[in-house]
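In: A structural model of the following input is requested.
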Amino acid sequence: MSKERDPLGLTSHWHVDLRLVAELPEDNVVGTRFLINASFSAVALAALLYAGWLGYLNFLHRVHIRDWEQKIADNRAEVADIKHMQREYAVESAKIDQAYALVKPTLFVSGFLADLGRTRPEQIMIDTIEWTESGIIVRGNVRENSQRATQLLGNYAKQLVKDEKIGPIFREIVLTSLDRGSSTNTEEALNYELTLRLKAARP
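Out: Numbers count the residues shown, from 1 in each chain. Purely as a prediction, here's the structure:
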């Protein structure tokens, strides 16, 4: 058998290995503890910068609000004057609208006469046009017999109702009178009365 080796015996090395391996520092190029500390430091720095940025924005907003409040306070008198002028303009505008509503014609006479002449059949003569509060009364004569005159004037009234310029102004256009007058000759002119009733004015 081989001779047992004495653990306390000296070998070719002249000193005893006294290293505590578990307690030795890490021999990595970048230590784990350093990485952890750096990560938490970066997070803390980012949070600090973000909080600083929010504080800066809050400060800017406060400054802007203070400036605008100061401008509002400085211009308060001018704003009050402008509001007072607006109220006066509104009152005057209401007066103008009221006056216009009182004097505003329902239709223009020259245009109405032109449209009436444009739509008039050749057999129908117009003698007078009377303007009343309720509408317009057109009087004239027709040189036709009674039956033909009635038909002609009825068709004329319907034509005026359908006319795009005259019809929308009146709520009713009817033949209200047709008589021969004092003459008994069938060839003599028949007197007629055509009533055009205006639509009610809007409030």
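
In: and the longest helix for this structure?
Out: Ordering each helix of the chain by length in residues (DSSP state H) puts helix 32-74 first.

In: now it: mean pLDDT?
Out: Confidence for helix 32-74, expressed as mean pLDDT, is 89.

In: that one - contacts with which helices or strands?
Out: Applying 3 or more Cβ pairs under 8 Å, 6 or more residues apart in numbering; DSSP states H and E, one finds that helix 32-74 makes contact with no other helix or strand. C-beta: built from backbone N, CA, C; applies to glycine.

In: so the lowest-mean-pLDDT helix or strand in the chain versus helix 32-74, what angle?
Out: Here the helix or strand of the chain ranked lowest by mean pLDDT, DSSP states H and E is helix 76-103, holding a mean of 82. For helix 76-103 against helix 32-74, the angle by axes from the mean of the first three to the mean of the last three Cα atoms, to 10 degrees is 60 degrees.

In: quick one: distance of helix 76-103 to the chain centre.
Out: 23 Å (Cα atoms, centre = their mean, to the nearest Å).

In: ok, residues contacting the helix or strand following it?
Out: As assigned by DSSP states H and E, the chain's next helix or strand after helix 76-103 is helix 109-119. Under the contact criterion Cβ atoms under 8 Å, 6 or more residues apart in numbering, helix 109-119 has outside partners 126, 129, 136, 138, 156, 159-160, 163, 165-166.

In: same question for stretch 72-87.
Out: Contacts for stretch 72-87 (Cβ under 8 Å, 6+ apart): none.

In: stretch 156-165 too?
Out: By Cβ under 8 Å, 6+ apart, the residues outside stretch 156-165 that reach it are 111, 115-116, 119-121, 124, 166-167, 170, 173-175, 194, 196.

In: could you dump that stretch to PDB, C-alpha only?
Out: C-alpha atoms of stretch 156-165 as PDB (Å, rounded to 0.1, in the frame of the first residue of the first chain):
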ATOM      1  CA  TYR A 156    -107.700  83.600 -65.500                       C
ATOM      2  CA  ALA A 157    -108.100  83.300 -61.700                       C
ATOM      3  CA  LYS A 158    -106.700  79.800 -61.800                       C
ATOM      4  CA  GLN A 159    -103.800  81.000 -64.000                       C
ATOM      5  CA  LEU A 160    -103.000  83.700 -61.400                       C
ATOM      6  CA  VAL A 161    -103.000  81.200 -58.600                       C
ATOM      7  CA  LYS A 162    -100.500  78.900 -60.400                       C
ATOM      8  CA  ASP A 163     -98.300  81.800 -61.500                       C
ATOM      9  CA  GLU A 164     -94.900  81.600 -59.600                       C
ATOM     10  CA  LYS A 165     -94.700  85.300 -59.000                       C
END
